[in-house]
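K.L.:
Here's my sequence, what's the structure:
(one chain, ligands or ions: 1)
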Amino acid sequence: MNMPATADSVLPARDRVQHYWKGLHVPIIATWSHETVIHPQVIRASYRGVWGIGYIDELEVADRRHGALWVRRAVARGKGVPALAGVHPMRQRQAMGHLLCQVCGNSTFDEHWQLWGERHLFLMRALEPGQVISEGETTDSPPVCLSCALESVETCPHIRQGWTAALVKDARPWGVAGVLHDPATLQPEMSPQKRLIERPFGHEEYAWINAARELVQLEGVTPVGLHELDAEARSAGIKITIASTDGG
Ligand SMILES: [Zn+2]
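P.N.:
As a prediction, the model looks like this:
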């Protein structure tokens, strides 16, 4: 599809300051208690000829991306208490859109990416033993750099219990996840499990989603072991630097 220009840019350096909480590295995509969700009035609107939801005071450059209407959430990283498993819509989108490490926020187009034949590392929680990331899988989980991956499997309560990793050639924009709104009543519709609803670009319900995550489809997927990658990087002489600047 034809992607409109976006206002997103790579995170400026000041936003890549690292935060720690009770000894844990707070991922850049995590939310903080001062980052309140804002609920503007939702209206029926035609955006570039497609009917869907809009905000009564919509600001295209901030509220739209790939035609979808995005959830508004305050930006106050480092303020208050972090929710380590929370996902900030804008920072998730920036990380996914630019393939930044979801933990430290640095680009994953790094020395390891070169060593791995221009591939990115994806790390996900495995719900059952033997689970692997599969070809063509869609995900809202941005990539990680090798040092954050190694750190996460040691310390992150969410990942530590079981994880699976893969090198991925391409992460193609696929669609969004968010809250679907009824075209007739404009009321939000929740799935039975209260999960976000995923819709690909071009889907008839796409314009009725209040988007909170950008999803990509993974192509050229090769499951890998992190410790093998670590050993390979070391023998290639690539130094692993753990981001250690504490911003608060
Ligand atoms: Zn990282």
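K.L.:
Need the distance between the two termini of stretch 144-160.
P.N.:
One end of stretch 144-160 sits 15 Å from the other (C-alpha to C-alpha, to the nearest Å).
K.L.:
Just the buried positions in that stretch, please.
P.N.:
144-153, 156, 159 (16 or more other C-beta atoms under 10 Å). No exception for glycine: its C-beta is placed from N, CA and C like everyone else's.
K.L.:
in this protein, which ranges drop under the pLDDT threshold?
P.N.:
By pLDDT under 70, the low-scoring segments of the chain are 1-15, 241-248.
K.L.:
Can you tell me the element the residue nearest the centre of it falls in?
P.N.:
For the chain, the residue nearest the mean C-alpha position is Gln92 (3.4 Å; C-alpha atoms, centre = their mean). Assigned by DSSP states H and E, Gln92 belongs to helix 89-98.
K.L.:
contacting residues for Val176?
P.N.:
For Val176, the contacting residues are 66, 68, 198-199, 206, 209, 211-215, by C-beta atoms under 8 Å, 6 or more residues apart in numbering.
K.L.:
Show me which residues of the chain sit near the ion.
P.N.:
101, 103-104, 145, 148 (C-beta under 5 Å from the ion).
K.L.:
Now that we have those, can you turn them into CSV and tack on secondary structure and distance to Pro183?
P.N.:
Below are the residues of the chain next to the ion laid out as CSV (DSSP: H, G, I helix; E, B strand; the rest coil; distance: C-beta to C-beta, whole Å):
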residue, secondary structure, distance to Pro183
Cys101, coil, 38
Val103, coil, 38
Cys104, coil, 41
Cys145, coil, 42
Cys148, helix, 41
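K.L.:
out of those residues, what pair is the most spread apart?
P.N.:
Across the residues of the chain next to the ion, the longest distance by C-beta to C-beta is 7.5 Å; it joins Val103 and Cys145.
K.L.:
Go through this structure and flag its longest strand.
P.N.:
strand 163-181 (DSSP state E).
K.L.:
how many other residues sit next to Pro173?
P.N.:
17 (other C-beta atoms under 10 Å).
K.L.:
now it: how far from Ala126?
P.N.:
25 Å (C-beta to C-beta, to the nearest Å).
K.L.:
Just list whatever residues bridge to the nearest residue to Ile197 once chain neighbours are set aside.
P.N.:
Nearest residue to Ile197, sequence neighbours excluded (C-beta to C-beta, 6 or more residues apart in numbering): Leu180, at 4.7 Å. With DSSP bridges as the criterion, Leu180 is bridged to Glu189, Ile209.
K.L.:
Leu180 touches Glu198, doesn't it?
P.N.:
No. Under the criterion of C-beta atoms under 8 Å, Leu180 makes no contact with Glu198, lying 9.9 Å away.
K.L.:
Done for today, thanks.
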